[in-house]
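1. can't give you the sequence, but here's the structure:
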RNA sequence: GCCAUCGUAGCUCAGGGGUAGAGCACUUCCAUGGUCAGGAAGGGGUCGUGAGUUCAAUUCUCACCGAUGGCUCCA
């Protein structure tokens, strides 16, 4: 017998060689039916893999992330089996589970797979799933694996095997007619896969290397119940309605023009009003926190970026230099504001008494992004950073960092973002050549970030190798409507630029010292932030931010004058909106205001004029009754 | 940049080798209506751009530009 410790601390005894499935059965039959895999001593295992020693076991059902992972991973194998059946000679790459479903990278050879083929693939998968084929694990040596895949002629699998150590134990999983090199775990059998949907087909480089073979990546998703698939597809439909590109068009926030160029958003009046209000909000918060606004030009001499190191690092891959016609001077379109701000710091001798010096600018920058990467407002070629650079002493670093963390969280909170994560990006110790600066400085900077986030109790993930070349950073990541994660606010510690620009201040000791620099942008960029914000709130912006807080809807033209008078009164209360004075029926005006997501509709007609009141209607909710303008204004302010 | 799909009126889209259509929006007129689309008439497109095939191209082919979904990338 072996002892199995469950997450609640209870211990159960099972026969040696029994599996986590048996553990589940010992608890209840119902649980056993739902168990898809288990975590055994920290490793995810097949539910039916024998356990031979005392272990801690955590059972996964479909409801757990670990369970979904198993379910979708097995589904990837099922899809591969279907593909082999439909397309003889197809070669397989890798096929993992992902956040929503799974994919398999395949080399279809002479076949061509398009979305037209999806129904065929789905049907085959369901047919195979119904065969209730068991997933059978087999441990093999590297030589055995090489032998198997050589005979099968799967060069991609062979390449994966080659990378493994000589003595490494590998495993194969078989279900039906399909065998794959795989670590597992997998479902007990295919029969629990009841609903199948092929999602999309795309190209993907083999091993993520753009110099290598382009594979066909097939995405799919599966569920244990048809109903869950239906719900998932409905959720996707809903998400599409919130897409900032769609809403941006409908609400006339921004546009793109082929003539102006890809990735260069043009802000329309509605979007500009919104954006300026956001800017004002942050400017105010920053001035309260001792930031000093500056303005710098949009171009600078190439020399500036040679000094900063950006030319060497990104010069080849940026917008190419601009030359003056006569003097032959060479300028670059500003890709970031930091070098300009370094010049501001360095333009005269600085005293420690001036530190921390916080220089802020809504700086518009231009970066060359490959055409294929452009995406709405979230990935563009010209954008405005809510940038600031904080120059401080090493001793002040942590406090400044905490101040920035506080500001960023204030911004996110005020805009209704609750669900975000913070990612700490550190060096990849394996590739030191990618970074500039001394190891000592890097250590200190990384530690400062880790300490500060711990101190405010921020939940963080840590990514090695994601740091900027000049320093580690902390990024706030927010999900968009379709579950894609975007980096918004960023805070970066930088020891390199002050050194490259030879920035110095006179300390209390009369000696010269080098300041530390913090780059930070709570929004990240106005473009991306607004893009994500639009999706986050589905176009219903926070009341304080929205352009039209109300619409006055006169019942007929006779009341337009009264409406205008109300508008003036509301303006005196600092509430902004407009009068819909079109000769339309009130039902129509309501519909249009609802579609434009105007938070409040004030309906005025005969009785309102007589009583000196307005009938208030709340967007998405309906009639709330009559009140005077003053009553409305104070009720409105309560909701700000 | 790479792979796939796509580009027809301001928007959403139908059509298809013989120079184009719907709904909404827009304009005008009628209607002045009480809580999610009142009625009628009208204007509007060298069918993304350029080249090729053809008697004839918006339709077929190629290139370019742009968009969408991925990949790679993201100072």
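-> That came through, no problem. Here the structure is a predicted model, which is why all the values come from computation and not from measurement.
2. For the stretch 201-350 of chain A, which residue gets nearest to RNA strand B?
-> Of all residues in the stretch 201-350 of chain A, the one sitting closest to RNA strand B is residue A:203 (2.7 Å; C-beta to the nearest atom of the strand). Backbone N, C-alpha and C define where each C-beta goes, glycine included.
3. what about that residue, helix or strand, and which?
-> Using DSSP states H and E, residue A:203 sits within strand A:195-205.
4. Partner strands of that strand, with direction?
-> Sheet pairing for strand A:195-205, assigned by DSSP bridges, gives strand A:214-223 (antiparallel).
5. Could you give the number of residues near residue A:102?
-> Number of residues near residue A:102 (other C-beta atoms under 10 Å) recorded here: 25.
6. what's it in contact with, if anything?
-> Applying C-beta atoms under 8 Å, 6 or more residues apart in numbering to residue A:102 gives the contacts A:72, A:73, A:75, A:76, A:79, A:95, A:96, A:219, A:220, A:221, A:222.
7. Briefly note if the helix or strand hosting the first one comes near RNA strand B.
-> Counting by DSSP H and E, the secondary-structure element that holds residue A:72 is helix A:65-86. No. For helix A:65-86 and RNA strand B, the contact criterion (C-beta under 7 Å from any atom of the strand) is not met; the two come no nearer than 14.7 Å.
8. That helix - what's its average pLDDT?
-> What helix A:65-86 shows for mean pLDDT is 93.
9. Mind listing what's buried along it?
-> Within helix A:65-86, the residues scored as buried using 16 or more other C-beta atoms under 10 Å are A:66-85.
10. Report the contact partners of residue A:516.
-> Taking C-beta under 8 Å, 6+ apart, one finds A:391, A:392, A:393, A:394, A:396, A:397, A:445, A:493, A:494, A:495, A:498 in contact with residue A:516.
11. so the fourth one sits in a helix?
-> So the one you mean is residue A:394. No. With DSSP: H, G, I helix; E, B strand; the rest coil as the criterion, residue A:394 is assigned coil and is not in a helix.
12. who's in contact with it?
-> A:444, A:516 are the contacts of residue A:394 under C-beta under 8 Å, 6+ apart.
13. what's the distance between the closest residue to residue A:233 other than its chain neighbours and RNA strand B?
-> Computed as C-beta to C-beta, 6 or more residues apart in numbering, the closest residue to residue A:233 that is not its neighbour in sequence is residue A:197, at 7.1 Å. Distance from residue A:197 to RNA strand B, counting by C-beta to the nearest atom of the strand, to the nearest Å: 14 Å.
14. What pLDDT does the model give residue A:197?
-> Looking at residue A:197, its pLDDT stands at 93.
15. you'd agree it is up against residue A:230?
-> No. Between residue A:197 and residue A:230 no contact is recorded; they are 9.8 Å apart, counting by C-beta atoms under 8 Å.
16. who has more neighbours, the two?
-> When residue A:197 and residue A:230 are compared for neighbours, residue A:197 comes out ahead with 17 against 13, by other C-beta under 10 Å.
17. On the strand side of things, show who the more buried one bridges to.
-> What pairs with residue A:197, by the bridge criterion (DSSP bridges), is residue A:221.
18. so what's it up against?
-> Counting by C-beta under 8 Å, 6+ apart, residue A:197 touches A:122, A:220, A:221, A:222, A:229, A:232, A:233.
19. what number of residues lie near the closest residue to RNA strand B within chain A?
-> Residue of chain A nearest RNA strand B, by C-beta to the nearest atom of the strand: residue A:372 (2.1 Å). Look at residue A:372: counted by other C-beta under 10 Å, it has 7 neighbours.
20. Wasn't it part of a helix?
-> Yes. Per three-state DSSP, residue A:372 lies within a helix segment.
21. Can you read off the pLDDT for it?
-> At residue A:372, pLDDT is 90.
22. Pop out the phi and psi values for the nearest residue to residue A:335 once chain neighbours are set aside.
-> With C-beta to C-beta, 6+ apart as the criterion, residue A:335 has its nearest non-adjacent residue at 5.0 Å, and that residue is residue A:367. Phi and psi for residue A:367, reported as degrees, to the nearest 10, are phi -130, psi 140.
23. Hmm, residue A:367 is touching residue A:381, no?
-> Yes. Between residue A:367 and residue A:381 a contact is recorded at 6.3 Å, counting by C-beta under 8 Å.
24. Out of those two, name the residue with the larger neighbour count.
-> A direct count of neighbours by other C-beta under 10 Å for residue A:367 and residue A:381 places residue A:381 higher, at 20 against 17.
25. pretty sure that one contacts residue A:260?
-> No. Applying C-beta under 8 Å, one finds residue A:381 not in contact with residue A:260, separated by 10.4 Å.
26. ok, then the element right after the helix holding residue A:72?
-> Following helix A:65-86 in sequence, per DSSP H and E, is strand A:91-92.
27. Could you pull up the mean pLDDT of that next one?
-> 92.
28. how far away is the residue nearest to residue A:233 from residue A:73?
-> Going from residue A:197 to residue A:73 by C-beta to C-beta, to the nearest Å gives 17 Å.
29. again, but for residue A:235
-> Residue A:235 sits 22 Å away from residue A:73, going by C-beta to C-beta.
30. dump the residue contacts of the closest residue to residue A:437 other than its chain neighbours.
-> Among residues not flanking residue A:437 along the chain, residue A:496 sits closest, at 4.6 Å (C-beta to C-beta, 6+ apart). By C-beta under 8 Å, 6+ apart, residue A:496 lies in contact with A:309, A:436, A:437, A:441, A:470, A:471.
31. Dump the residues you listed to a markdown table, plus pLDDT and distance to residue A:103.
-> What follows is the contacts of residue A:496, written out as a markdown table (pLDDT from 0 to 100; distance: C-beta to C-beta, whole Å):
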| residue | pLDDT | distance to residue A:103 |
| --- | --- | --- |
| A:309 | 91 | 38 |
| A:436 | 79 | 37 |
| A:437 | 79 | 38 |
| A:441 | 83 | 41 |
| A:470 | 86 | 35 |
| A:471 | 88 | 34 |
